Structures are given as structure tokens and as C-alpha cells.
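> Okay, structure incoming, though there's no sequence with it:
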Ligand code: F3S
């Protein structure tokens, strides 16, 4: 790998032993993936994936301490993935005991470390850091050192920034030293599409289902999607960005997609069109039958597949302000049609603290409260990832949550039916 004089000096210890180790780690990481050089990280903010003070993360805290003690704090301020705990989310005595005494007992300590390293502000905990209310929205062409898969795919695809699917800890290292290795999605070649996806559905596909189908097919490759603009239009407005947030998270978790292009819609596709498609790209046609097949093949890993759901999580990735408002309308209408006053399954809508603050300032907040729906800033995955919660029959419209936990995926319409009326999914 070719290094600049400054990079070589850092590697040789000119800025201390700790920063030299950080640089060495990033260079080795790059070499594994064939990087040719190190390039500067740009943009005002970084985003970190490790947000939880898990007891078992001792080595992470040691590493963070070394950085802090050596004065090697992040060159950018950063946001972090969602916090794992919120008293508002229903949990029984045993779950609470485990969350607080075993799993996330180091949360306060870890947040203190994050503060010292450069947290944007005390509540900058969300996976949707790119939302206007949060204020960590990269510009087109920015080079990032992020790791949260749902945020990486959004930044690359919708915003036109450049970021690889890094791992946790690598994200902070890139930001501390100010450079990341140049390979993969940072290169023009790596951003070319090796799959063409043809959308031939008779209605707008469910974002989370379409993303899942594409993710499982292309895995870590780059898809170029044609025919979706007929359902989404050609403007990256609020509704479309929300759709792409959920769609992208499903591609990134059901497969390992870090970038997608949508013809006539996403910035690079608008700019370069079909020139983005690599020679010999493969084709995948998605019609109604294909989406139905994908949906029917999801395994149900509940002990009792006919169990009545005990909890519903919406907002993985975190919901947008408009989503919260739209769902308030939908839940109210669903309850009215069913003749119910409150949701019949405990239901949690999750969103960024900054989005929830804006939501609270609207008349929708009180209306949603009256339906019995709870709002929270947590990451549902962190709630689910333990044997006690894992045994609960939880439903979700998130294909990411379905993939990583025992939660069962329901379409938006099915979720609405379940929480407002009850009734079994066919
Ligand atoms: Fe966000 Fe947690 Fe889901 S980080 S994407 S809410 S798994």
C-alpha cells in the first residue's frame, strides 16, 4: 500500500505509539481487501455501531481507555447506534434483572467513555443518524468510517457518500486517525452493479420484503434496480427516503448489501444510468409471485407457531417523523374499525431521541398515547437478544429484526390488523 509522508510518519510513531497502532490496524485491514492507499475521512461526523455497555465487552473498554488516555480522541464528533435500555418498554422482573445486572450493566460507564471520545450530544443514540432531526447527514462524495449496516447502505445509496461495511471498533479507529483504506465501495469500480434487478410487480412492493428478496439473492454485491421508480417516483422526498431506509436495511441484513442503485432515483443512477452496470451482470426478476415465495419461506422459530403475540416492535431501523405520524393515523383508524379503544398487543414504536422530541411537539403524540402505543429510543434487537426475550412471541415489520432474533415478520397491513384487532396471520 502506498502511504503519504504524513501517514508513514503516523505509522512510525510520530504522533505516539497508540496512534501508530491504530494506523497499523487500519493498514492491515485494508491489505486484506487489496486496498491501494489510505484516504482521508471527510464530513463533520462519524457514526459508531457499538452503543451498548455489555458486560462482556471488557476489551472494548480497555481499547477505548487507551485511546482516551493517549489523547487520541475522534477527529470528528459522532453519533452512535441506539441505547439498549428504556424503562418504558414492557419487560418483566426477570428480564429487567438480567438487562441491568448482567447484560448492560456497564452502560453508564461506556457512555462516559463515548462522551470523552467525541459523542455529538448526550442523546445522539440512533441508527438513523442521517435524519434531519439528528443532524448527521453526510454529503455526496463524503468518505465515511461507519459500520452500522443500515446506515452504511443508506449513506452510500441514497446520499451518495462512500463507505465500506466496516466492523465495530474499526469505525472509531478510522475517525481517530482520520484515514480509511481505499477499497470496495470507496472505489468507482467497486460501486458498479453486478446484478440487474427487474421489478415487475403489480403494486408497490413492501419495502422490507423487497429488500429481503434482493439481499438474499445478491448477498454482498451491488444491485441496479429497474422498474421501482414506477412505484417510488423520481424524487428523493420524505416518503421515498423512508421507504429506502427500510428497504436498504433489509438488503443489508438479509444479505450484506452496502450499496444499491435505483434507476432514475438514487444519485449515482440519476447521474450515470446504465453505465453503472458491470459487464456480465446477472439478472433477477421480481414479480408478485417471487415476493410471495420469499415471504412464505421465512422460518417461524417460535416454540408455538400459533401463539398469541406478546409484543410488537416497529422501527428497526428507527422510524421517521412522518412514519410516526402516518402510523398514528393508521392505528386510530384500525382501532375505530375494530371497535377497540387501545391496541390489543403491547406495541412499541422506536425512533431517534431527536425525532421523538419533534414528535412530542405535535398533536400526534397525545393521539398515539391514547391508542396505547409506546414510543421509545431503544434498539429492539438489544431487547430481544437474550434467552428470556427470545422465548417471547414478538412480531415486527422489520426484516432485520426477523433475521437476527426470534421475532416474526408481518407486513405492515398484518401488523396493523394484529395490534388493532387481534387475529391470526394466515
Ligand atoms: Fe437500528 Fe437496532 Fe434495528 S440499530 S436497524 S434498531 S437492530
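Received it, and whenever you're ready, just let me know what you need. Predicted, not measured: the structure shown is a model, and the values here were computed from it.
> Might you enumerate the residues of the stretch 201-350 of the chain proximal to the ligand?
With C-beta under 6 Å from any ligand atom as the criterion, the stretch 201-350 of the chain comes near the ligand at residues 249, 316, 317, 318. C-beta: built from backbone N, CA, C; applies to glycine.
> Can you show me the helices along the stretch 151-300 of the chain?
Counting by DSSP state H, counting those that start in this stretch, the stretch 151-300 of the chain has helices at residues 170-177, 207-218, 229-232, 238-254, 267-272, 288-296.
> buried sites along the fourth one?
By neighbour count on 16 or more other C-beta atoms under 10 Å, the buried set for helix 238-254 is 240-254.
> of the residues you listed, closest to the ligand?
When the buried residues of helix 238-254 are compared for distance to the ligand (C-beta to the nearest ligand atom), residue 249 comes out closest, at 5.4 Å.
> Can you check the pLDDT for that closest one?
If you check residue 249, the pLDDT there is 98.
> got the contact list for it?
149, 150, 153, 154, 208, 211, 316, 317, 398, 399, 400 (C-beta atoms under 8 Å, 6 or more residues apart in numbering).
> For residue 259, give its distance to the ligand.
Between residue 259 and the ligand the distance is 17 Å, computed by C-beta to the nearest ligand atom, to the nearest Å.
> and the residue nearest to residue 256 when sequence neighbours are not counted, how far is that from residue 186?
Distances taken as C-beta to C-beta, 6 or more residues apart in numbering place residue 220 nearest to residue 256, at 4.0 Å, with adjacent residues excluded. Summarising the geometry, the distance separating residue 220 from residue 186, computed by C-beta to C-beta, to the nearest Å, is 15 Å.
> For those two, indicate the residue with more neighbours.
Neighbours of residue 220 and residue 186, each counted by other C-beta atoms under 10 Å, are more numerous for residue 186; the result is 20 against 15.
> Show the contacting residues for that one.
39, 143, 162, 163, 164, 180.
> among these, who's most crowded?
Most neighbours among the contacts of residue 186, by other C-beta under 10 Å: residue 163, with 31 neighbours.
> doesn't residue 258 make contact with that residue?
Yes. The pair residue 163 / residue 258 is scored as a contact, 7.5 Å apart, by C-beta atoms under 8 Å.
> joint contacts of the two?
Residues touching both residue 163 and residue 258 by C-beta under 8 Å, 6+ apart: 152, 156, 185.
> Was I right to think the first one contacts residue 252?
This means residue 152. Yes. Shown here, residue 152 and residue 252 form a contact pair, counting by C-beta under 8 Å, at 7.1 Å.
> So for those two, which residues contact both of them?
Common neighbours of residue 152 and residue 252 (C-beta under 8 Å, 6+ apart) are 165, 258.
> Residue 348: what's it in contact with?
Residue 348 makes contact with 88-90, 311-315, 373-376, 378, 380, according to C-beta under 8 Å, 6+ apart.
> repeat that with 7 Å
If a contact means C-beta atoms under 7 Å, 6 or more residues apart in numbering, then residue 348 has 89, 313, 374, 376 as its contacts.
> just residue 290 next, same as before
Residues touching residue 290, when contacts are defined by C-beta under 7 Å, 6+ apart, comprise residue 213.
> That one and residue 204, how far apart?
15 Å.
> likewise residue 329?
For residue 329, the distance to residue 204 under the criterion C-beta to C-beta works out to 18 Å.
> center of this protein - which residue?
In the chain, the C-alpha nearest the mean C-alpha coordinate belongs to residue 150, at 2.8 Å (C-alpha atoms, centre = their mean).
> does the residue lying closest to residue 380 once chain neighbours are set aside count as helix, strand or coil?
Across the structure, with C-beta to C-beta, 6+ apart as the measure, the residue nearest residue 380 apart from its sequence neighbours is residue 313 (4.0 Å). Three-state call for residue 313 (DSSP: H, G, I helix; E, B strand; the rest coil): strand.
> next one: residue 18
Here residue 18 is recorded as helix under three-state DSSP.
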